[in-house]
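Chemist: 3D model of this:
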Amino acid sequence: MKQKSTILILSIALAVVVIVAIILYLSAQSNFNSQLQQTKLDTNSSADVFNNRFNALLQEHSLLLIGTARRANTSAAYNASLLALQNNINEVGQLLTPIYGANASQLVSLWNQKANIFINYSISVNNNDPNALVYYNAAEANYIPQVVAFWTSTQNPYPTLSQATATQLVTQNQANVKAAIDAWNAGNYPLYYQDLDTAYVQMGLYGDTIANAIIQQNPQDFP
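Modeler: Predicted coordinates:
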């Protein structure tokens, strides 16, 4: 009888332990699900959506610009690539319009100017123009200070970057895009794909820097 009583007590104790363990597990699972849901909400916040979209457009821009420039000697493929590039530039403007209104066209103008520099350079190279590099260097010498001034100025509605940051981003981007185009035109395709990847990755850094600055400058647009 005493043995049965002991077994009963142990069974009850074990049941209590199991119940407590289940309660603790369900409580932990509930907290985990709550944290997971919060993480999902943070990941899908308007700021993250904007950052991801802006970054994707700029990286796509890098690929399209290089691709268009290297097709400068094939009219059908070139025209299709040029249209895709222009659509990409317009999408950047559309993304910024709700924040900057008509001033979104300022960045679109700079992007178009950059595209023209590289496309004209590549056309000159394909035409065996001996002055192709001279034209490019002159255009770049005018363009880089213009873009750096844009991102460091307090006279336009866009966020202000430091001189060092703006200079590094713009200069490195120009160098990476040109390196990829030059590698293609030289027929060095392994180097071309290496430079293409470098340009793509660096443009992601460019995009992150600008997107984060825009978000910080306009918190009212990213609740």
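Chemist: Walking through this protein, point out its helices one by one.
Modeler: For the chain, the helices defined by DSSP state H cover 2-43, 46-70, 75-100, 104-126, 132-152, 163-185, 189-217.
Chemist: got a list of what the residue nearest in space to the middle of the chain touches?
Modeler: Centroid check for the chain by Cα atoms, centre = their mean gives Asn55 as the closest residue, at 1.8 Å. Contacts for Asn55 (Cβ atoms under 8 Å, 6 or more residues apart in numbering) come out as 204, 207-208, 211. Quick note: C-beta positions are derived from backbone N, CA and C, even for glycine.
Chemist: Any of those residues buried? List them.
Modeler: Those of the contacts of Asn55 that meet the buried threshold are 207, 211, by 16 or more other Cβ atoms under 10 Å.
Chemist: now, the most widely separated pair of the contacts of Asn55?
Modeler: Among the contacts of Asn55, the pair separated by the greatest distance (Cβ to Cβ) is Gly204 and Ala211, at 10.3 Å.
Chemist: from what I can see Pro223 touches Ser46, true?
Modeler: Yes. Taking Cβ atoms under 8 Å as the contact criterion, Pro223 and Ser46 are neighbours in contact, 6.4 Å apart.
Chemist: residue ranges with poor pLDDT in the protein?
Modeler: Low-confidence regions of the chain, defined here as pLDDT under 70, cover residues 1-44.
Chemist: that older thread, tabulate the contacts of Asn55 in TSV, adding columns for distance to Thr171.
Modeler: As requested, the contacts of Asn55 are arranged in TSV below (distance: Cβ to Cβ, whole Å):
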residue	distance to Thr171
Gly204	17
Gly207	16
Asp208	17
Ala211	20
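Chemist: Map the structural domains onto the sequence of this protein.
Modeler: In the domain annotation for the chain, the residue ranges read 1-44, 47-217 (automatic domain parsing).
Chemist: out of these, deepest packed?
Modeler: When neighbours are counted by mean count of other Cβ atoms under 10 Å, the highest per-stretch mean among the domains of the chain falls to domain 47-217, a mean of 17.
Chemist: Start and end of that one, how far apart?
Modeler: Distances were taken as Cα to Cα, to the nearest Å; on that basis the terminal residues of domain 47-217 are 12 Å apart.
Chemist: Measure how far that domain is from the centre of its chain, please.
Modeler: Computed by Cα atoms, centre = their mean, to the nearest Å, the separation of domain 47-217 from the middle of its chain amounts to 12 Å.
Chemist: Distance check, Asn90 against Ser109.
Modeler: 12 Å (Cβ to Cβ, to the nearest Å).
Chemist: From Leu96, how far off is the closest residue to Ser46 other than its chain neighbours?
Modeler: In this structure, Ser46 finds its nearest non-sequential neighbour in Phe222, 4.8 Å apart by Cβ to Cβ, 6 or more residues apart in numbering. In this view, Phe222 and Leu96 are 13 Å apart by Cβ to Cβ.
Chemist: same question, Trp184
Modeler: As for Trp184, its distance to Leu96 is 31 Å (criterion: Cβ to Cβ).
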